[in-house]
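**Student:** Build me a model:
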Amino acid sequence: MRLSSIYTNVIYLQEILNTYLTNRFKVKNNKNNKYKEYKMNWTSISKILMMFLFVNRIQYGLPKKLVGMTSVFNPKYNSLLDNSILSSGFQCIQKRHSHRHTMSHWYELSKQNYINRKTRLFLSNEQSNIYLTQNDFIKDKKIISISPGGLKGFYLMGVVTFIKENYNLDPFIFSGASAGAWNALFMVFKKEPIEVVTNIIDDSIKKAASISELEHIMKYKLLTNYKTEDFDLKRLFIGITTFSNFKVNTNIFSDFDDLEDALNCCIASSHIPLVTGGITNKYHNVYAFDGGFSKYPYLNITKPVLHITPSMWELSNNGKKAPDIFSYSTLLSKGKYDFMELFDSGYKDAQANKEFLDSIFLQKIL
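**Tutor:** Predicted coordinates for the structure are as follows:
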């Protein structure tokens, strides 16, 4: 499976421009729970484009010439509003990354920081690998990773529910990003999984005016109905793309202070500027963006035994390459999906592929 986050970033940017160029939209203020109405203007578009190109310049080496084009992004240059600039960037990326990357490749190459929220331990890539591989709790566990998926995160919830109902998950730890972060949190829920499903997927979720509001409704429901002790948070690892001191990093957070801290991390890992909130979002004083912007937003100390994605069955059944998160970035339009139908579809697909799941969960744990 290829996790080409560069491609994803182009599509994310395209969605932002297409969705909000001419429309007003509301963003929730986390401090006072009030909504502020925004309208896209040329200044905000320019800022988004510069941020996008700057981040990709750091991570993927986009040419300075392309980055410099943002300086002329204003109404006088309408030609820059069409797909030419996106196409140019996309072609440039394709040339530099024309060879195919497997998930194993990204896992082997990925660099990331590890942050333990309880102990405030911060370790860089080399330090974190040593620490995590020697950690008594982690070293004998196998990793299950869960991908971003946009609103198909509810499909992932169906897959996760079937897995939780049918297999012993004690030997595993869970690493996710974006929608995968929410489902990784669901994986470490200690009670009956269907209980969370019935609490979350109801009319209030369906009536949410935006993805940002949907996330905060889910946060409220979980904090209202459950306690920190209902979740085994030490088995949860969430990937966030962070921006600090002009550097873009992949940070993996774990061992959260409490349930609210873990939920805030899920929201941070799902932050796409102006799609799931305002332009910026901070998690513990660090600018945080969707984990899907990173090459490999999962714990990288060992290869996952299972990678849960909205297209995982295509790969397991016929060997074809399943779409990567580049494909999932188009799944942000809330009106297109019935959340319970997505959940049921995920559950039934997992049930239909029980033989494949048996081969993973019923094998002897070494």
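
**Student:** pLDDT at residue 340, what is it?
**Tutor:** Taken from the predicted model, the pLDDT recorded for residue 340 is 92.

**Student:** same question, residue 112
**Tutor:** The predicted local distance difference test score for residue 112 is 81.

**Student:** Is it in contact with residue 129, as I believe?
**Tutor:** No - with the criterion set as C-beta atoms under 8 Å, residue 112 and residue 129 do not qualify as a contacting pair; they are 9.3 Å apart. For the C-beta atoms, the positions are set from N, CA and C on the backbone; glycine is no exception.

**Student:** The two: which has the busier surroundings?
**Tutor:** The neighbour comparison of residue 112 against residue 129 (other C-beta atoms under 10 Å) goes to residue 112, with 23 against 17.

**Student:** Report how many residues lie close to the nearest residue to residue 156 once chain neighbours are set aside.
**Tutor:** Leaving out its chain neighbours, the residue that sits closest to residue 156 by C-beta to C-beta, 6 or more residues apart in numbering is residue 183, at 4.7 Å. Other residues within reach of residue 183, judged by other C-beta under 10 Å, total 26.

**Student:** now do residue 220
**Tutor:** Using other C-beta under 10 Å, the number of residues around residue 220 comes to 13.

**Student:** Work out for me the element it sits within.
**Tutor:** Counting by DSSP states H and E, the element that carries residue 220 is helix 211-225.

**Student:** Summarise which helices and strands that helix is packed against.
**Tutor:** In terms of contacts (3 or more C-beta pairs under 8 Å, 6 or more residues apart in numbering; DSSP states H and E), helix 211-225 is packed against strand 24-28, helix 193-200, helix 203-206, helix 259-269.

**Student:** Pull out the buried residues from it.
**Tutor:** Taking 16 or more other C-beta atoms under 10 Å as the basis for neighbour counts, the residues of helix 211-225 that come out buried are 211-219, 221-222.

**Student:** Let's see stretch 134-147 as PDB, backbone CA atoms only.
**Tutor:** Extracted C-alpha coordinates of stretch 134-147, given in PDB (Å, rounded to 0.1, in the frame of the first residue of the first chain):
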ATOM      1  CA  GLN A 134      13.100  -1.500  25.200                       C
ATOM      2  CA  ASN A 135       9.800  -0.500  26.900                       C
ATOM      3  CA  ASP A 136       8.600  -3.400  28.900                       C
ATOM      4  CA  PHE A 137       4.900  -2.800  28.000                       C
ATOM      5  CA  ILE A 138       5.400  -2.100  24.300                       C
ATOM      6  CA  LYS A 139       8.200  -4.300  23.200                       C
ATOM      7  CA  ASP A 140       6.100  -7.500  23.100                       C
ATOM      8  CA  LYS A 141       3.100  -5.900  21.500                       C
ATOM      9  CA  LYS A 142       2.100  -6.000  17.900                       C
ATOM     10  CA  ILE A 143       0.900  -2.900  16.100                       C
ATOM     11  CA  ILE A 144      -2.400  -2.300  14.400                       C
ATOM     12  CA  SER A 145      -2.400   0.900  12.400                       C
ATOM     13  CA  ILE A 146      -5.600   2.800  11.300                       C
ATOM     14  CA  SER A 147      -5.500   5.200   8.300                       C
END
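
**Student:** if you average pLDDT over that stretch, what comes out?
**Tutor:** The average pLDDT within stretch 134-147 is 88.

**Student:** mind showing which ranges of the stretch 101-250 of the chain have poor pLDDT?
**Tutor:** With pLDDT under 70 as the threshold, the stretch 101-250 of the chain has low-confidence stretches at 101-110, 125.

**Student:** can you give me the strands in it?
**Tutor:** 113-116, 121-123, 142-146, 172-176, 236-244, 247-254 (DSSP state E, counting those that start in this stretch).
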